[in-house]
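> Sharing a model that was predicted from the sequence below.
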Amino acid sequence: MKYNLDKLNELSGGDKEFNASVIETFLLETPQDLENLKKAVSNKEFDHIYQYAHKIKPNADLLGADLVKENLLIVEGHARGDKNIKVIEDLVAKVDVELHNVFEAFKAYLN
């Protein structure tokens, strides 16, 4: 399971239109945030790595993309802590794959 809408349903009271709106916004904004995160990683810009990971994480959490959220938490720690770029690169590669799976799953959900 790529996502779990329990938190979103709790927030929305099960309002399907609200849920769809949140998911559509996620699909509009997150791909660019992901690209910015990957660019920050390739440039070893640790402040920006932290910022983009931090920006994506709460939306991933709300939409039940737990693997994405957990990996981004670790990325944040490394970006602020030991700045271990190899670990960050590996985690962001996993986040990239997982988010693309989530994007596809949400597109299917909306259709």
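Thanks, I have the structure now.
> who's in contact with the residue nearest to Lys83 when sequence neighbours are not counted?
In this structure, Lys83 finds its nearest non-sequential neighbour in Phe46, 5.3 Å apart by Cβ to Cβ, 6 or more residues apart in numbering. For glycine as for every other residue, the C-beta is placed from the backbone atoms N, C-alpha and C. Applying Cβ atoms under 8 Å, 6 or more residues apart in numbering to Phe46 gives the contacts 79-80, 83.
> Same check on Tyr52?
Applying Cβ under 8 Å, 6+ apart, the residues contacting Tyr52 are 33-34, 36-37, 40.
> go with 10 Å
Contacts for Tyr52 (Cβ atoms under 10 Å, 6 or more residues apart in numbering) come out as 32-41, 45, 72, 75-76, 79, 92.
> swap in Glu29?
55-56, 59.
> swap in Lys44?
So Lys44 contacts 83, 85, 88-89 (Cβ under 10 Å, 6+ apart).
> Secondary structure class of it, three-state.
Three-state assignment for Lys44 (DSSP: H, G, I helix; E, B strand; the rest coil): coil.
> That one and Asp61, how far apart?
26 Å (Cβ to Cβ, to the nearest Å).
> Would you convert the contacts of Glu29 into TSV that also reports secondary structure?
Converted to TSV, the contacts of Glu29 look like this (three-state DSSP):
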residue	secondary structure
Lys55	helix
Ile56	helix
Asn59	helix
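> Kindly indicate the member of these with the most neighbours.
For the contacts of Glu29, the largest number of neighbours (other Cβ atoms under 10 Å) sits with Ile56, at 24 neighbours.
> Fine, thanks again, bye for now.
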